[in-house]
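Attaching a predicted model along with its sequence, questions to come.
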Amino acid sequence: MIPLLFITKDARLAKKYLREKNHLKDSYFYEVDRLSSQYSIQDVKRVIREVSVFEPKKRIYFFPDFHLSSFEAQNAFLKVLEEPPENILFVLTTINRGALLPTIVSRAKIINLANPSRDGKKLSITDTMEKFLSSPDLSLLSNKSFIGLDKPETSRILEQLILIFEPKLTTDKPAKKIITEILSSKMLLDNNNLNPQLTLDHILIFIYNCYNGLKDEKS
């Protein structure tokens with residue numbers, strides 16, 4: 001069965017979709033628990049061992065918030081996602097596809113339950129970041145798009161930055177560690193009482209240091 005990837009902040013919407021489309025009918029449903037703040041390679045291997053045991057009844061393995069997973073865990077999941085065992089349906093949810101490896105996304109049917117906004121501010125952030133990447137400097141910290149944001153706005157900015165760097169994973173050396181750092185910072189911001197401005201400043205400085213260091217390596 002082709003895996004399903006839901007783009008949503010609310011895992012309950014994905015479960016509702018599964019019920020309405022009769023995916024849950026005559027099926028065993030398992031919601032996969034993370035042993036820590038992220039899905040680890042051990043979590044994924046545990047599921048792989050379970051699905052290798054044949055069961056005639058359909059089984060659904062549900063991974064909410066799969067963007068909270070290590071790249072090692074995602075890589076370990078690739079083969080079984082491409083060739084799932086008989087009667088197995090994998091269901092993942094994420095806040096956006098840019099938080100996952102492109103090879104994970106390519107193996108799944110995408111179902112967007114979010115209400116993505118392409119407002120001028122988001123487009124401005126994309127334009128600003130692209131200009132920055134062509135000529136990195138710390139004036140980015142004073143850009144009005146990145147100043148005075150509250151926690152939800154900062155979280156959305158971090159999501160947008162992930163979307164910007166995701167297509168660069170195969171061509172841009174720093175992209176992977178930048179996405180990893182953004183995901184880590186976003187998780188801390190969303191679940192703790194962090195200062196949004198300091199969190200965003202940290203990410204922007206981290207991005208600057210990644211590209212400035214790369215420039216130094218070439219010189």
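Received, thanks. Residues are numbered from 1 along each chain as shown.

dump the residue contacts of the closest residue to residue 90 other than its chain neighbours.
In space, residue 90 comes closest to residue 3 once its chain neighbours are excluded; the distance is 4.1 Å by CB to CB, 6 or more residues apart in numbering. Quick note: C-beta positions are derived from backbone N, CA and C, even for glycine. Going by CB atoms under 8 Å, 6 or more residues apart in numbering, residue 3 touches 81, 84, 89-92, 107-109.

same question, residue 91
Taking CB under 8 Å, 6+ apart, we find residue 91 in contact with 3-4, 6, 14, 18, 60-63.

Just the pLDDT for it.
On pLDDT, residue 91 comes in at 97.

try the one 3 residues further on
What the model reports for residue 94 is a pLDDT of 90.

ok, now residue 215?
pLDDT, read off for residue 215, is 50.

How about residue 103?
86.

quick one: it and residue 78 touch, right?
Yes. Between residue 103 and residue 78 there is a contact at 5.7 Å, judged by CB atoms under 8 Å.

what about the strands in the protein?
Along the chain, counting by DSSP state E, strands occupy 4-7, 27-31, 58-63, 88-94, 109-112.

Report the strands that pair with the first one, each with its relative direction.
This points to strand 4-7. Here strand 4-7 has these sheet partners by DSSP bridges: strand 88-94 (parallel), strand 109-112 (parallel).

which residues touch residue 22?
Residue 22 is in contact with no residue at all, counting by CB under 8 Å, 6+ apart.
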